[in-house]
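*Asks:* Fold the following.
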Amino acid sequence: MIEAARLPGLRPPRLLRGAFPLLRGVLLPVLLLLHLPTAYPARELPLAAVLTAALAVPLLWRRRAPRAVFAAVAAAAAVQWLAGLQLPADVALLVALYTVAAETGRRGALLAGAVVAAGAVLACLRWAADGAFVTLLVAATASTVAAAVLGVNAWTTRAHLVTLRERAAELERDQRARARLAVAEERARITREMHDIVTHNLSVMVALTDAAVQVGHRAPGRADAALRQIAETGRQALTDMRRVLGVLRADEPDAARHPLPGIAQLDALAEQLTAAGLPTRLAVRGGFGHVPATAQLTVHRLVQEALTNTLKHAPAGTRAEVRVDCSAEAVALRVTDRGPRPPVPAAAPSGGHGLAGMRERAAAHGGTLRAGPLPGGGWEVRTELLLGAADPAGPA
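*Replies:* Numbers count the residues shown, from 1 in each chain. Sure thing, here's the model as predicted:
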């Protein structure tokens, strides 16, 4: 059967929902008072009514002030004992004990239970029939212990639920922080990739355009080749940007024609820089089939950034050399250039994505990037990437 309270259209009004706790609190005093006329003679009825009200009515505020209510009920029970009048309203002591235990925990339950137990002993001494003292005392003690245990269990359950809610809220905050951190890292990665792609390809296209303009009248064939190289460089840049932004599908022709850059694509990179006016020599030692794609992309981006900085800052006549040594544990990278005079340091580009971005990429694979001028002129960039130390959340 479906409960009416679970049906959206049959929920009680808010006023009635707020009145339910009040009705539950009033029910016990009313029942106890209605029972008095049938249980006591007329001469005892006024005192019984007053004591019953003193025992039961304070229970209306037991949730707001459990200790004060228990004290009031216990005081009324003491007056009742002194008056020598037995009342069914003594059950209010157990209700008050349960409330103290449920609201204050073990310590409150122990103190209130001791008071009720002492009162039970006194009541048994005064009202127990001959031979029934032990039985009545055991029953009263068992009722006292049961009320206290039930209250402590309620307090423990509520405390456990509060702890669970706090942990759930903390976990939710942690998940939100992790999500914000992941978004920030992804934005940083996209910014870094876009910087490398745009800076490199625009530098190459500018150099090729200058070369085409210079040789356009004297060597039309070389000018045409430079223009074709410019177009191919532009297509490569667009493909890389679409891949970084996640809008390039694997089945598109551009994805097959321009695969994800790695060590195998360093030959094409060297040829591209040579065509742009920076003669580049590449030497790859050792097999790189075991090198993860993320580490190969890092090697390619480091070489690309170093050569792009040389192309932009080094004087005419500079030659570059790239050396990649692959082993089972690491990939060592060294990029050098030789020119008539030292080039402008690679840390010069603004925006913080030049040398700083290269160091971040190397650090993601356990490497430390070193860059600086060579004693005889030129510039050197070197690092070693540890294949077993890649950080999945770090820069690729």
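*Asks:* Run through the helices of the chain in chain order.
*Replies:* Assigned by DSSP state H, the chain shows helices spanning 14-39, 45-56, 66-83, 91-104, 106-127, 133-215, 220-244, 253-257, 266-275, 293-313, 355-363.
*Asks:* where among those helices is the average confidence lowest?
*Replies:* Taking each of the helices of the chain in turn, the one with the lowest mean pLDDT is helix 253-257, at a mean of 52.
*Asks:* ok so, going back, in JSON lines: the helices of the chain, plus distance to Val284 and mean neighbour count.
*Replies:* For every residue, glycine as well, the C-beta is placed using N, CA and C. Converted to JSON lines, those look like this (distance: least, CB to CB, whole Å; neighbours: other CB atoms under 10 Å):
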{"stretch": "helix 14-39", "distance to Val284": "76", "mean neighbour count": "12"}
{"stretch": "helix 45-56", "distance to Val284": "92", "mean neighbour count": "19"}
{"stretch": "helix 66-83", "distance to Val284": "79", "mean neighbour count": "18"}
{"stretch": "helix 91-104", "distance to Val284": "75", "mean neighbour count": "24"}
{"stretch": "helix 106-127", "distance to Val284": "72", "mean neighbour count": "17"}
{"stretch": "helix 133-215", "distance to Val284": "20", "mean neighbour count": "15"}
{"stretch": "helix 220-244", "distance to Val284": "21", "mean neighbour count": "17"}
{"stretch": "helix 253-257", "distance to Val284": "22", "mean neighbour count": "12"}
{"stretch": "helix 266-275", "distance to Val284": "7", "mean neighbour count": "18"}
{"stretch": "helix 293-313", "distance to Val284": "10", "mean neighbour count": "23"}
{"stretch": "helix 355-363", "distance to Val284": "18", "mean neighbour count": "21"}
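*Asks:* Need these in TSV (columns: distance to Arg334).
*Replies:* Below are the helices of the chain laid out as TSV (distance: least, CB to CB, whole Å):
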stretch	distance to Arg334
helix 14-39	76
helix 45-56	91
helix 66-83	77
helix 91-104	72
helix 106-127	70
helix 133-215	19
helix 220-244	25
helix 253-257	30
helix 266-275	13
helix 293-313	10
helix 355-363	13
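*Asks:* among those, which is nearest Pro375?
*Replies:* Ranking the helices of the chain by distance to Pro375, with CB to CB as the measure, places helix 293-313 first at 17.5 Å.
*Asks:* ok so, going back, Gly388 is nearest to which of the helices of the chain?
*Replies:* So among these, helix 293-313 is nearest, using CB to CB, at 10.2 Å.
*Asks:* and that closest one, what other elements does it pack with?
*Replies:* Using 3 or more CB pairs under 8 Å, 6 or more residues apart in numbering; DSSP states H and E as the contact definition, the elements that helix 293-313 packs against are helix 133-215, helix 266-275, strand 319-326, strand 330-338, helix 355-363, strand 379-386.
*Asks:* which other residues reach the third one?
*Replies:* The set of residues external to strand 319-326 that reach it, using CB atoms under 8 Å, 6 or more residues apart in numbering, is 263, 266, 270, 273, 278-288, 291, 299, 303, 307, 310, 331-339.
*Asks:* hmm, which of the residues you listed are the buried ones?
*Replies:* Of all these considered here, the ones buried according to neighbour count by 16 or more other CB atoms under 10 Å are 263, 266, 270, 273, 278, 280, 282, 284, 288, 291, 299, 303, 307, 310, 331-339.
*Asks:* re the thing from before, out of the helices of the chain, nearest to Gly376?
*Replies:* Shortest separation from Gly376 across these is recorded for helix 293-313, at 15.8 Å, computed as CB to CB.
*Asks:* Quick check: the residue nearest the centre of the chain vs Ala182, distance?
*Replies:* The centroid of the chain falls nearest to Gln175 when counting by CA atoms, centre = their mean (2.1 Å). In this structure, Gln175 lies at 10 Å from Ala182, with CB to CB, to the nearest Å as the measure.
*Asks:* swap in Leu355?
*Replies:* Here the distance between Leu355 and Ala182 works out to 26 Å (CB to CB).
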